[in-house]
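Student: I'd like to go over a predicted model; first the sequence, then the structure.
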Amino acid sequence: MMQALLARRNIVAVGIIVFAILPMFANAYIVFVANLALMYILLSVGLNMLLGYAGQLAFPNAALFGVGAYTSGLLRLEFDLPYWITLPAGAAFATVIGLAIALPALRLRGLYLALATIAFAQAALWVFGHWNSVTYGGAGFRVPPMDFSPLPLDPSIGIYYLTFIIVLVAVPLGWNMLRSRVGRAWVALRESEVAAETLGIDLTRYKAYAYVVSGLYAGTAGALFSALLGIVTPESFDLFQVIVHFCMVIVGGIGSLWGGVLGAVILVWLLEVLRTFRDLQEIAFGGLLLFTVLVVPGGMIVMIKRYLPGWNEPLRRIGKKR
C-alpha cells in the first residue's frame with residue numbers, strides 16, 4: 001500500500017514537473033495543446049464530480065463552458081475590463097447558471113435528466129449563435145489579448161502558467177472535497193437515493209452542490225479558453241463538445257478524479273492528431289468509447305491500478321450496476 005501511495009505521488013509529481021517546464025523547451029504549438037489539456041482537465045474533473053460521484057446523468061458542461069467563455073470574452077471586449085475581473089466573472093456566472101439548471105433538474109432522473117440537459121446545451125448554442133446584439137451571432141467575436149505587464153511574459157506563456165496554477169489549485173480542492181462529507185454524500189445518493197435519504201442526507205442540497213461545483217469548473221475553463229483562443233464562436237460549444245466531455249470521463253475512468261485528468265489528456269491528444277480529419281474524430285471517439293466500455297469498463301485508470309494494486313482514491317468503488 002505504501003509503495004502504491006509513493007508511486008502515485010511520484011506519477012503526479014512527474015506530471016506536474018512536465019507541465020511546469022514544458023514551455024521552456026517545447027514549441028508554441030505543443031504549449032498550445034498542453035494548455036488545452038489543462039483546460040479540459042478542469043472540465044473533466046468537474047463533470048466527473050457530477051456524473052461519476054454524484055451519479056447525475058447530466059451533460060450541462062458544454063453549455064456552461066460556453067457561458068464562461070462568452071461572459072469573460074464579452075466583458076473584455078465591451079468594457080475593456082482586465083482579465084483578473086473577467087475570468088472570475090465568467091466562472092461565477094457559469095456557476096450561477098449551473099445552480100439554475102439544478103433547480104428543475106432535481107425533479108428528473110436517468111434518461112429524462114440526460115435529455116433535458118442536452119436540450120439545455122442545444123438551447124444555449126442557439127442563443128450563442130442567434131442573439132446577435134449581444135453574442136455577435138454565428139460569426140462570434142475577437143477577444144482582446146491578455147496583458148501580463150509588468151511581468152515580461154508573452155500572452156500565450158502567461159495564459160499557460162495561469163491555467164497551470166488554477167489546475168494545481170482546483171484538482172487538490174476537488175480531491176479534498178471528495179474525501180469530505182460532501183463527497184461521501186454524493187456517493188451515497190449515487191448508489192441509492194432512497195438509502196441516502198434514509199440516512200438523513202439532504203438530496204436536494206447535495207445534488208445542487210454537484211451542479212454548482214461542476215459549473216464552477218466548466219465556467220473557469222471556458223473563461224480561460226476564450227483568452228487562449230482570442231476568439232469566441234458558437235461552434236466551439238456544440239453537441240460535439242458534449243460528446244467530448246462525456247468521453248473524457250468514461251475513457252479516463254468514471255468516478256475517478258485522476259481518471260478525469262487522464263481522460264482529458266488522452267482526448268485532447270486524440271483531437272489534435274485528428275484535427276484535419278473532422279469526420280474521423282467521431283469515428284475514433286466512438287471506437288475508443290466502445291473499447292473502453294467492453295475491455296476496460298472502469299476506464300484507463302484501471303490499467304494503472306493493475307500495476308499499482310494499492311492505488312486507491314476517495315470513494316472510488318462503483319457499484320455492480322455500473
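Tutor: Sure thing, it's come through.

Student: At which residues are the helices of the stretch 151-300 of the chain located?
Tutor: For the stretch 151-300 of the chain, the helices defined by DSSP state H, counting those that start in this stretch cover 155-178, 181-191, 193-198, 203-229, 239-252, 257-273, 278-295, 300-307.

Student: Quick one: mean pLDDT for the helix or strand harbouring A92?
Tutor: Assigned by DSSP states H and E, A92 belongs to helix 83-105. Mean pLDDT, computed over helix 83-105, is 94.

Student: Could you do stretch 270-284 as well?
Tutor: Stretch 270-284 comes out at a mean pLDDT of 81.

Student: in the chain, which ranges drop under the pLDDT threshold?
Tutor: Across the chain, the ranges flagged by pLDDT under 70 are 1-7, 309-322.

Student: still on that earlier bit, looking at the helices of the stretch 151-300 of the chain, which is closest to A119?
Tutor: helix 239-252 (10.8 Å; CB to CB). No exception for glycine: its C-beta is placed from N, CA and C like everyone else's.

Student: just the strands in the stretch 1-150 of the chain please.
Tutor: Using DSSP state E, counting those that start in this stretch, the strands of the stretch 1-150 of the chain run over residues 141-142.

Student: can you map out the helices along it?
Tutor: 2-25, 28-48, 61-79, 83-105, 110-130, 132-135.

Student: Tell me who's in contact with the nearest residue in space to V244 that is not next to it in sequence.
Tutor: Excluding its sequence neighbours, the residue lying closest to V244 (CB to CB, 6 or more residues apart in numbering) is L267, at 6.2 Å. Taking CB atoms under 8 Å, 6 or more residues apart in numbering, we find L267 in contact with 40, 244, 247-248, 251, 285.

Student: ok, so of those, who is nearest A188?
Tutor: M248 (24.9 Å).

Student: Verify the stated contact: the closest one with G260.
Tutor: Yes. Assessed by CB atoms under 8 Å, M248 is found in contact with G260 at 6.7 Å.

Student: Give the intersection of the neighbour lists for the two.
Tutor: 44, 47.

Student: Looking at those two, which has the bigger crowd around it?
Tutor: A side-by-side neighbour count of M248 and G260, using other CB atoms under 10 Å, places G260 first with 33 against 29.

Student: any idea how far that one lies from A102?
Tutor: According to CB to CB, to the nearest Å, G260 and A102 sit 20 Å apart.

Student: ok, now G66?
Tutor: 18 Å.

Student: Which of the two has more residues huddled nearby?
Tutor: G66 (29 against 22).

Student: Touching, the more buried one and F128? I think so.
Tutor: Yes. Contact between G66 and F128 holds when scored by CB under 8 Å: they sit 5.8 Å apart.

Student: Common neighbours of these two, please.
Tutor: Residues touching both G66 and F128 by CB under 8 Å, 6+ apart: 234, 237.

Student: returning to that earlier point: give the buried residues for the helix holding A92.
Tutor: Going by neighbour count (16 or more other CB atoms under 10 Å), the buried part of helix 83-105 is 83, 86-87, 89-95, 97-98, 101-102, 105.

Student: For it, which outside residues touch it?
Tutor: 56, 58, 60, 63-65, 67-73, 75-76, 81, 113, 116-117, 120, 146-147, 207-208, 210-212, 214-216, 218-220, 222-224, 226-227.

Student: Compute the inter-axis angle for it and helix 28-48.
Tutor: 30 degrees (axes from the mean of the first three to the mean of the last three CA atoms, to 10 degrees).

Student: quick check, distance from helix 83-105 to the centre of its chain.
Tutor: Taking CA atoms, centre = their mean, to the nearest Å, one finds helix 83-105 lying 14 Å from the centre of the chain it belongs to.

Student: Distance of I21 relative to V31?
Tutor: I21 is 11 Å from V31, where distance means CB to CB.

Student: ugh, wrong one, I meant F277
Tutor: Using CB to CB, we find F277 at a distance of 23 Å from V31.

Student: So for the two, which sits in the more crowded spot?
Tutor: Higher neighbour count among F277 and V31: V31, with 19 against 10, using other CB under 10 Å.

Student: show me the contacts for that one.
Tutor: By CB under 8 Å, 6+ apart, the neighbours of V31 are 22-23, 156-157, 160.

Student: What is the neighbour count of the spatially closest residue to A54 that is not a sequence neighbour?
Tutor: Nearest non-adjacent residue to A54, counting by CB to CB, 6+ apart: A210, 3.7 Å away. Neighbours of A210 under the rule other CB under 10 Å: 25.
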